[in-house]
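with the sequence up front, the predicted model follows.
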Protein chains: 2
Amino acid sequence: MMALKTLRFAVILAGCGNKDGAEIHESVLTLLSIDRAGHQYQCFAPNISQARVLNFLTNEEMPEKRNVLIEAARIARSQIKPLQDFKPEDFDILVLPGGSGVAHNLCTFARDGAKMTVLPEVESSIRAMHQAHKPIGALCIAPVMVAHVLKGVTVTFGRDEKINALFQASGATTINSDARGIVVDEANKIVTTPCYMLDARISEVGEGIDKLIQQLIRMV
Amino acid sequence: MMALKTLRFAVILAGCGNKDGAEIHESVLTLLSIDRAGHQYQCFAPNISQARVLNFLTNEEMPEKRNVLIEAARIARSQIKPLQDFKPEDFDILVLPGGSGVAHNLCTFARDGAKMTVLPEVESSIRAMHQAHKPIGALCIAPVMVAHVLKGVTVTFGRDEKINALFQASGATTINSDARGIVVDEANKIVTTPCYMLDARISEVGEGIDKLIQQLIRMV
């Protein structure tokens, strides 16, 4: 059923920039898609230090510290709240954009692989929305957090067979998709799209995100 | 005439974030609109220190230095070149997204108002494209640079009457517009849209940018 009321989306960002934070295109196109559909969003990010700061020209670590919430505020034009203030009862849908910051700041997947842990406030956000039967969308690498927290779900990692194998081993079902497609787990109300897990063009990423947002709205 | 060939857009970024760099939404939606239209883009930024680094939560200056090119690379997913390498003969269209970084890093408008100067490599890029009769698009506050370098052009600053008066005094024509609209100077092949000069929604900004990109394509 297409919802007729204005829906409230919570969007959790992992910083600002695909190599050490939130993937910027994925984050912005998520906000665009929500707003174009006539719904509302609130961005959140954890108030923690980034695991690392990269020079995006050289790919080398820079000798400085940045805060995930402060940097994510760049994408959100300062309209952002600390994730600890997230109240699942205030939102209808949760969306998790990707970027390496997801695997470094929001969970330890980049370092620990299958032995990863998820930041407690991210884990509790995913779990609370799922328990309330509210839809969750995850982009790019963010499905690793959803598949880790909620065992037995169906997600996509693009065509990354190594990550597929890791999460199949812990009970997830993985379905390959290109950037223009989405994978829908109807029972668990989870929608995923691979975005820049693949060598995609921005318009393809935008198409996948538009489909994901539309599907999440239908599931409310 | 609608161009049938693949057009090459140069996009000059002023950093990463609306308060001290390039406005992120405007920059990303520019790239999206170009790619959706089937054309190509190359991002550029000057290899200089930012005039300032702001904390996007408190609006206070942070005691650190950031480089405009390295930070802009976050928006460009590292696919960016130093502006000194820009060759006007390699491009059909120039686009200048906005953000406070334009007024702080690419020119001195924020500090000097009508007595502003434009970074030489930005000024020469604008001048070279104009002399070659190639279209130039400018978003948000970026039209201040175009109106300063090319006297007598027609641009929009949204509904900012103070900035309108400043540039009318130096020979520009200003036309008010909302974020969903564009202002077209056919003779000079200049297209402008106010984006976040106004209190706009991201979907309105996206609509204005889509119209601007389509108009620039028609002018080639």
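Great, that's in hand. Residues are numbered from 1 along each chain as shown, chains lettered A, B, ... in the order given.

buried residues in stretch A:126-134?
Residues A:126, A:128, A:129, A:130, A:134 are the ones in stretch A:126-134 that count as buried (16 or more other Cβ atoms under 10 Å in any protein chain shown). C-beta: built from backbone N, CA, C; applies to glycine.

same question for stretch A:53-63.
By 16+ other Cβ under 10 Å, the buried positions in stretch A:53-63 come out as A:53, A:54, A:55, A:56.

and stretch A:62-77, by the same measure?
Within stretch A:62-77, the residues that qualify as buried are A:66, A:67, A:68, A:69, A:70, A:71, A:72, A:73, A:74, A:75, A:76, A:77, counting by 16+ other Cβ under 10 Å.

can you tell me the closest non-neighbouring residue to the residue nearest to the spatial centre of chain A?
In chain A, the centroid-proximal residue (Cα atoms, centre = their mean) is residue A:96; its distance is 2.1 Å. Counting by Cβ to Cβ, 6 or more residues apart in numbering or on different chains, residue A:96 lies nearest to residue A:142, which is 3.9 Å off, once chain neighbours are set aside.

I figured that neighbour hits residue A:97, correct?
Yes. Using Cβ atoms under 8 Å, residue A:142 is in contact with residue A:97, at 6.6 Å.

which of the two has more residues huddled nearby?
Neighbour tally, residue A:142 and residue A:97, criterion other Cβ atoms under 10 Å in any protein chain shown: the higher count belongs to residue A:142, 33 against 30.

return the set of buried residues in the strand or helix carrying residue A:165.
For residue A:165, the host element (DSSP states H and E) is helix A:161-169. For helix A:161-169, burial by neighbour count (16+ other Cβ under 10 Å) applies to A:163, A:164, A:166, A:167.

check contacts around the second one.
Translated: residue A:164. With contact taken as Cβ atoms under 8 Å, 6 or more residues apart in numbering or on different chains, residue A:164 is in contact with A:157, A:174, A:176.

in ChimeraX, select just the buried ones from these.
Buried subset of the contacts of residue A:164, written as a ChimeraX selection, criterion 16+ other Cβ under 10 Å:
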select /A:157,174
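
can you pull the residues of chain A lying near chain B?
By Cβ under 8 Å from any Cβ of the partner chain, the residues of chain A that approach chain B are A:16-19, A:21, A:24-25, A:28-29, A:31-32, A:35-36, A:55-57, A:59, A:64, A:69-71, A:73-75, A:77-78, A:80, A:196, A:201-203, A:206.

now the longest helix along chain A - C-alpha only, PDB.
Ordering each helix of chain A by length in residues (DSSP state H) puts helix A:202-219 first. The C-alpha coordinates for helix A:202-219 follow below in PDB (Å, rounded to 0.1, in the frame of the first residue of the first chain):
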ATOM      1  CA  ILE A 202      26.300   8.400 -10.400                       C
ATOM      2  CA  SER A 203      23.000   8.200 -12.400                       C
ATOM      3  CA  GLU A 204      22.900   4.400 -11.900                       C
ATOM      4  CA  VAL A 205      23.500   4.900  -8.200                       C
ATOM      5  CA  GLY A 206      20.700   7.400  -8.200                       C
ATOM      6  CA  GLU A 207      18.300   5.100 -10.000                       C
ATOM      7  CA  GLY A 208      19.000   2.300  -7.500                       C
ATOM      8  CA  ILE A 209      18.400   4.700  -4.500                       C
ATOM      9  CA  ASP A 210      15.200   6.000  -6.000                       C
ATOM     10  CA  LYS A 211      13.900   2.400  -6.300                       C
ATOM     11  CA  LEU A 212      15.000   1.600  -2.800                       C
ATOM     12  CA  ILE A 213      13.200   4.700  -1.300                       C
ATOM     13  CA  GLN A 214      10.000   3.900  -3.300                       C
ATOM     14  CA  GLN A 215      10.100   0.300  -2.100                       C
ATOM     15  CA  LEU A 216      10.600   1.300   1.500                       C
ATOM     16  CA  ILE A 217       7.600   3.700   1.300                       C
ATOM     17  CA  ARG A 218       5.400   0.900  -0.100                       C
ATOM     18  CA  MET A 219       6.400  -1.300   2.900                       C
END
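
so what touches it?
For helix A:202-219, the surrounding residues in contact (Cβ under 8 Å, 6+ apart) are A:1-3, A:7, A:9, A:25-26, A:29-30, A:32-34, A:37, A:39, A:93, A:95, A:135-137, A:139, A:177-182, A:184, A:186, A:189, A:191-196, B:28, B:31-32, B:35-36.

try 6 Å
A:3, A:25, A:29-30, A:33-34, A:93, A:135, A:137, A:179-180, A:182, A:184, A:189, A:191, A:193, A:195, B:31-32, B:35-36 (Cβ atoms under 6 Å, 6 or more residues apart in numbering or on different chains).

okay, buried residues for that helix please.
A:202-213, A:215-217, A:219.

widest-spaced pair of these?
Spatially, the most separated pair among the buried residues of helix A:202-219 is A:202 and A:219, at 25.9 Å (Cβ to Cβ).

output the below-cut-off pLDDT ranges for chain A.
Counting by pLDDT under 70, the low-confidence segments of chain A come to A:1-3.

cutoff 50 now
Counting by pLDDT under 50, chain A has low-confidence residues at A:1.

helices along that one, start to end?
Applying DSSP H to chain A gives helices spanning A:24-36, A:68-75, A:100-101, A:109-112, A:120-131, A:143-149, A:161-169, A:202-219.

starting at the chain centroid, how far to the second one?
A distance of 15 Å separates the C-alpha centroid of helix A:68-75 from that of its chain, computed with Cα atoms, centre = their mean, to the nearest Å.

residues in contact with it?
By Cβ under 6 Å, 6+ apart, helix A:68-75 touches A:13, A:15-16, A:21, A:27, A:45-48, A:50, A:80, A:82, A:105, B:17, B:24, B:55-57.

please redo it, this time with the cut-off set to 8 Å
Helix A:68-75 is contacted by residues A:13-17, A:21-22, A:24, A:27-28, A:43, A:45-50, A:80, A:82-83, A:101, A:105, B:16-19, B:21, B:24, B:55-57 when judged by Cβ under 8 Å, 6+ apart.
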